[in-house]
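**Student:** Any chance you can model this:
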Amino acid sequence: MLPPTDTALGALMRILPRPGRVRWIGLRPQRDVAMNEVLAVVAETGKGLIGDRYNSASGKRGITLIQAEHLPVIATLAGHAEVAAKTLRRNLVVEGIPLIALKERRFRIGEAVFFGTDSCDPCSRMEDALGPGGYNAMRGHGGLCARILEGGCIRVGDAVVVLDDIAE
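**Tutor:** The predicted model follows:
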């Protein structure tokens, strides 16, 4: 039963009947190098992923996620038959759950707990990665940034599960 202050739309926005899944994990050890695909990674509370260049007290961008269902859309908009996950420079590719629904919510992946902080907007490097128009191909499909609330191991195949709606 929903509290009486909830609007119908607000209630609908919280309904996620199925968990998502981690399909791909990537780390970039330093600036201007290719992503390394891994099968598992450790998330550090308040920091980032061990082995990733953003593993610091970066606040809202401890990890970046992109939705697998958006990869074919980005490829089409950029004029490619397909686009590899590592090209888009996000840490996790997840499937089966709309990432926008995780913004400002807590969620678990493997042993770690996250808080969705903001959209992960594309940067100008997408022009080099995808060709002319790459930046615009990713607009609205860039994924989600999240803060790491509780560290732990994340593996390919782990479920992405929304936790309660209590703020961080």
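**Student:** pretty sure Glu111 is touching Arg155, no?
**Tutor:** No. Judged on CB atoms under 8 Å, Glu111 makes no contact with Arg155 at a distance of 9.1 Å. The way it works is simple: take the backbone N, C-alpha and C, and place the C-beta from them, glycine included.
**Student:** Mind listing what's buried along the helix ranked longest in the chain?
**Tutor:** Counting residues, the longest helix found in the chain (DSSP state H) is helix 71-78. Buried residues in helix 71-78, counted by 16 or more other CB atoms under 10 Å: 71, 74-75, 77-78.
**Student:** just checking, what packs against the helix or strand of the chain with the lowest mean pLDDT?
**Tutor:** In the chain, the helix or strand scored least confidently by mean pLDDT, DSSP states H and E is helix 8-13, which has a mean of 76. For helix 8-13, there is no helix or strand it packs on, judged by 3 or more CB pairs under 8 Å, 6 or more residues apart in numbering; DSSP states H and E.
**Student:** Give me the contact list for the helix or strand following that helix.
**Tutor:** Next helix or strand after helix 8-13 toward the C-terminus (DSSP states H and E): strand 20-27. Contacts to strand 20-27, defined as CB atoms under 8 Å, 6 or more residues apart in numbering, come from residues 35-41, 49, 51-52, 68, 85-86, 89-97, 109-110, 154-161.
**Student:** Just checking: what are the partner strands of the helix or strand that comes right after strand 20-27?
**Tutor:** Following strand 20-27 in sequence order, the next helix or strand is strand 36-38 (DSSP H and E). With DSSP bridges as the test, strand 36-38 is paired with strand 20-27 (antiparallel).
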